[in-house]
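> sequence-free structure coming up:
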Ligand code: AMP
Ligand code: TRP
């Protein structure tokens with residue numbers, strides 16, 4: 001039996017934080033033996049907000065190295081850079097012309113990012129989810145493992161696929177495979193260390209709001225020490241204690257325990273006792289990733305070869321799908 005296909009990606013903006021890790025990449029690593037996987041560094045998405053051309057390439061490299069450091073295994077998975085496979089841009093144009101504008105204007109992430117940016121919003125920011133749909137549909141992905149915040153974009157991808165199939169495909173020969181989101185409950189939404197009601201985010205202006213995968217032990221210690229807590233004695237997974245919930249959740253995952261065990265262990269604890277435990281669990285979970293990352297970054301030739309092979313594999317799948325779409329839309333075949 002052939003394995004089902006998985007596609008996912010992360011933007012090469014700044015540094016990966018533990019929200020990205022727990023919401024996305026850790027799950028990729030866990031599921032990869034059971035699927036045929038494509039993981040891309042979505043550098044075309046990275047310029048939907050103002051970007052620095054001096055750091056784009058380096059950030060793209062860093063992200064690919066982090067995929068490997070986190071445990072993406074080339075025996076199961078293909079790693080590639082989105083802009084290296086031109087079919088992504090081309091399919092985006094075709095889908096643009098088939099996507100109603102008001103579907104895009106409804107996207108929560110667009111509205112949030114647009115407000116943050118004020119006047120200077122690019123057409124690309126509005127179009128971001130169409131590019132994401134192209135990423136997914138080009139690979140006939142069955143499953144798309146992401147964090148909770150991407151659910152609406154996946155719903156849009158499905159709507160676009162169904163619409164194109166209805167208009168230009170047939171029941172026996174659909175143009176697109178309609179993908180399913182794969183969202184794990186645990187870690188799907190890691191909250192800010194500065195405010196337990198806000199998502200941990202790369203774009204938060206405060207470094208203290210997030211722990212990055214490459215933070216040193218000292219920095220992690222300092223961030224946990226300063227993170228927001230509440231004045232209630234005894235720790236519990238209570239809905240009305242957002243910070244406590246978030247920190248216990250992180251401890252559960254990083255110490256590799258279940259919720260009940262952690263609830264028991266921490267029921268009579270104060271923050272002074274809990275914080276060092278949490279700090280140690282994060283430091284020791286991140287240490288092997290950081291060591292591997294440093295090792296990979298010393299060997300640029302290796303990383304180049306991974307991305308070159310990734311590009312070739314991705315192109316062979318994506319170009320076939322693009323051809324199918326252009327046929328379906330009635331284009332004159334190219335020479
Ligand atoms: P982004 O940082 O927007 O490129 O997101 C990359 C991946 O990380 C996506 O799958 C997101 O759903 C996931 N992600 C981002 N922030 C969080 C968070 N705070 N908690 C859980 N997952 C997240
Ligand atoms: N929009 C996603 C995010 O911010 C990143 C992304 C781009 C993606 N293309 C994708 C995720 C395709 C999954 C599949 O997290």
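Everything's here; your move. What you see is a predicted model; the values in this text were computed from it and never measured. Ligands and ions are numbered 1, 2, ... in the order given.
> what does the closest residue to residue 77 other than its chain neighbours show for phi and psi?
Residue nearest to residue 77 in three dimensions, not counting chain neighbours: residue 37, with 3.9 Å by Cβ to Cβ, 6 or more residues apart in numbering. Where you see a C-beta, it was placed from the backbone N, CA and C, and this is true even at glycine. Backbone torsions of residue 37, given as degrees, to the nearest 10, read phi -110, psi 140.
> for the one 5 residues further on, same thing?
When quoted as degrees, to the nearest 10, the phi and psi of residue 42 stand at phi -90, psi 80.
> please apply the same query to residue 151.
Comment: the main-chain dihedrals of residue 151 come out as phi -60, psi -40, following degrees, to the nearest 10.
> and the nearest residue to it once chain neighbours are set aside, what are its bridge partners?
Setting aside the residues directly before and after it, residue 151 is nearest to residue 181 in space (Cβ to Cβ, 6+ apart), at 5.9 Å. The partner list for residue 181 in beta bridges (DSSP bridges) reads residue 144.
> now do the residue nearest to residue 77 against residue 141, distance only.
Here the distance between residue 37 and residue 141 works out to 9 Å (Cβ to Cβ, to the nearest Å).
> what do you get for residue 52?
Taking Cβ to Cβ, one finds residue 52 at 31 Å from residue 141.
> neighbour-wise, which of these two wins?
residue 141 (26 against 8; other Cβ atoms under 10 Å).
> mind listing what's buried along the helix or strand of the chain with the lowest mean pLDDT?
Least confident helix or strand of the chain, by mean pLDDT, DSSP states H and E, is helix 108-117 with a mean of 89. Buried residues in helix 108-117, counting neighbours by 16 or more other Cβ atoms under 10 Å, are found at 110, 113-114.
> make a markdown table out of those residues and add distance to residue 264.
A markdown table is the format used below for the buried residues of helix 108-117 (distance: Cβ to Cβ, whole Å):
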| residue | distance to residue 264 |
| --- | --- |
| 110 | 43 |
| 113 | 41 |
| 114 | 45 |
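> noted, bye for now.
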